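Participant: could you work out the structure for the sequence below:
(chains A and B)
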Amino acid sequence: MNRHAVGAIYRFEMARWLRTLLQSIAAPILSTSLYFVVFGAAIGTRMGEIEGVSYGAFIIPGLVMLSLLSESISNASFGIYMPKWSGTIYEVLSAPVSALEILAGYVGAAATKSVLLGLLILATARVFVPYSIAHPVWMALFLVLTAVTFSLFGFILGVWADSWEKLQIVPLMIVTPLAFLGGSFYSIAMLPPLWQKIALVNPVVYLISGFRWSFYGVADVHIGVSLAMIALFLTLCIGVIAWIFRTGYRLRR
Amino acid sequence: MLPIISVSALNKVYPSGLQALEDVDLDIARGEIFALLGPNGAGKTTLINIICGIAMPSAGTVRVAGHDNRADYRAARGRIGLVPQELFTDAFESVWATVSFSRGLFGKPPDPAHLEKVLRDLSLWDKRNDRIMTLSGGMKRRVMIAKALAHEPEVLFLDEPTAGVDVELRRDMWALVRALRDQGVTIILTTHYIEEAEEMADRIGVIRAGRLILVEEKSVLMRRLGKRQLRLQLSHALPALPAALASHPLDLSADGMELIYTYDAASDQTGIADLLRELGAAGIDFKGLQSRESSLEEIFVNLLRGHP
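Facilitator: Residues are numbered from 1 along each chain as shown, chains lettered A, B, ... in the order given. This is a model prediction of the structure:
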């Protein structure tokens, strides 16, 4: 195990994050806070409870998940795309590091940043909306699993992208709509029967449902199904990354 | 002695069908300075990239100190430092941070004393806290070398190390390369500056269209393939080469004031004595003469043209 290499990549990525705190921390917290102000404190007070949870509190898990997904993807995809773009990837490719160590450095750092951001958003939400966490261990598990899984997905995206546009297009055009339509602001039980069935095709539904269950004990789908879906996506990402490193796809010429 | 680098039957075919390397065999001895020469697109950088693990070969093997660079990549790659041709740097990082990163990446524990020595040797110590983006091109080139040396490699690849740098920096780099060799580091460099290879290399390899067409000790190469020229400054201009001298490999300068005789430096029979006798017999006087050896550049150009 080349632990020095893992540490070097991890510290490098975290240092980049700390250099841009305004963009990497303040901006997502501010934008999520606006959701809490508008949908939680303002509109939320005029809406009824959903499954026994006030609307302001109901949307918290979904909003945290929304930030977690987008930050995990963007952190990890930028982390590997940037050295590809600037050419400094030569050093990682020529170093005595395994695929696992490269992943531990890049994905570990991306997931750490996302988890920290998720916790900061949770803390910020407390300022606007009172809420409780029924299953804190499960909450932490969902937080970490989702951050790692989507950081792996971001890593794949960063390897695949050969332009800044491609790097942005998946989070903007696919992930954000899926997160918005995945039950961040509503329970899918509130949808017409046909749309409920269609919503179940959206993988983000399972993430938000499971995460919300860890807060309030209510969920759109069974907690076991949520976990199974995350595990499935995690396995899929690991499989793709294993193929990338085996073939050198868009990394080694 | 086991070669530090051993390349065997190496082939590289890109998906486009371009054969970048064809059956390359090459052994590099420990502690030597090896210069790889070749025109643009000959395969120099591809060969280096495969040895360093950046590119994948289509066939063939690379061993570093006896370790296969794919099966036993940790032992192989850990011994190598690479300075690529392009200035690939982390613009927003400080010099100290980037060399520390490089050392860690290659599995070495922190050693501030070693990094300080490397930065001092490269005149970068005063810039250690500066962001790389604020440095000049020459300084960035030094940073690239510092990164490659941060993990104390046994082999250093320098891909066009002095491309685009000023004369002073080039001289500094040559001195650094020699100092590294004195410390036991094996140096493999590619260069467009033939004088660089002539100045520093122990051995020369010439690559053309993906094939290694020659590997030779520099001194042997220059002796074997080099030509000598004897230039005779005439007392009186000649309108043309006299017919009596047509059997000799002679050229007449444009102003008719100089005869240039080219001969094989390695041959016992240079033909100079015969030439001088025949000049006397033809009544051609000369007031001076000079001789010079062909440079490595001339040998290189002749090799690439296919007529050594």
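Participant: what are the buried residues along stretch B:252-268?
Facilitator: In terms of neighbour count (16 or more other CB atoms under 10 Å in any protein chain shown), stretch B:252-268 has its buried residues at B:252, B:257-259, B:261, B:263, B:265. To be clear about C-beta, it is placed using only N, CA and C from the backbone, and glycine gets the same treatment.
Participant: can you check stretch A:224-231 too?
Facilitator: A:225-227, A:229-230.
Participant: could you do stretch A:11-26 as well?
Facilitator: For stretch A:11-26, a neighbour-count test (16+ other CB under 10 Å) marks A:11-14, A:16-17, A:24-25 as buried.
Participant: between the residues you listed, which is closest to chain B?
Facilitator: The nearest member of the buried residues of stretch A:11-26 to chain B, counting by CB to the nearest CB, is A:Phe12 at 5.3 Å.
Participant: tell me which parts of the stretch 101-250 of chain A are close to chain B?
Facilitator: With CB under 8 Å from any CB of the partner chain as the criterion, the stretch 101-250 of chain A meets chain B at residues A:Gly248.
Participant: where does the stretch 101-250 of chain A have low pLDDT?
Facilitator: Judged against pLDDT under 70, the stretch 101-250 of chain A has no low-scoring part.
Participant: possible to save the buried residues of stretch A:11-26 as JSON lines with pLDDT?
Facilitator: Listed next are those as JSON lines, based on pLDDT from 0 to 100:
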{"residue": "A:Arg11", "pLDDT": "95"}
{"residue": "A:Phe12", "pLDDT": "94"}
{"residue": "A:Glu13", "pLDDT": "94"}
{"residue": "A:Met14", "pLDDT": "94"}
{"residue": "A:Arg16", "pLDDT": "88"}
{"residue": "A:Trp17", "pLDDT": "89"}
{"residue": "A:Ser24", "pLDDT": "82"}
{"residue": "A:Ile25", "pLDDT": "85"}
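Participant: and chain B, which residues reach chain A?
Facilitator: Residues of chain B lying close to chain A (CB under 8 Å from any CB) are B:14, B:49, B:52-56, B:73-78, B:80, B:82, B:84, B:86, B:88-93, B:97, B:100-109, B:147.
Participant: which of these are buried?
Facilitator: B:49, B:52-55, B:73, B:76-78, B:80, B:82, B:84, B:88-90, B:93, B:97, B:100-108, B:147.
Participant: inside strands: which ones of the residues you listed?
Facilitator: Counted as lying in strands by DSSP state E, out of those, are B:80, B:82.
Participant: follow-up on the earlier one: and the two most separated of the buried residues of stretch B:252-268?
Facilitator: The two members of those with the most space between them (CB to CB) are B:Met257 and B:Ala265, at 25.1 Å.
Participant: can stretch A:83-97 be found next to chain B?
Facilitator: Yes. Against chain B, stretch A:83-97 shows contacts by CB under 8 Å from any CB at A:86-88, A:90-97.
Participant: how about the strands of chain B, start to end?
Facilitator: B:5-13, B:19-28, B:33-37, B:59-64, B:67-68, B:80-83, B:155-159, B:186-190, B:203-208, B:211-217, B:227-234, B:250-252, B:258-264, B:286-293.
Participant: listing partners with orientation, what would you give for the fourth one?
Facilitator: Just to be clear, that refers to strand B:59-64. Take DSSP bridges as the rule and strand B:59-64 pairs in its sheet with strand B:5-13 (antiparallel), strand B:67-68 (antiparallel).
Participant: just to revisit the earlier point, and the furthest pair within the residues of stretch A:83-97 next to chain B?
Facilitator: Pairwise distances among the residues of stretch A:83-97 next to chain B were taken by CB to CB; the largest, 21.8 Å, belongs to A:Ser86 and A:Pro96.
Participant: neighbour-wise, which of the two wins?
Facilitator: Remark: of A:Ser86 and A:Pro96, A:Pro96 carries more neighbours, 21 against 14, as counted by other CB atoms under 10 Å in any protein chain shown.
Participant: ok but the more buried one is inside a strand, no?
Facilitator: No. Using DSSP: H, G, I helix; E, B strand; the rest coil, the secondary structure at A:Pro96 is coil, not a strand.
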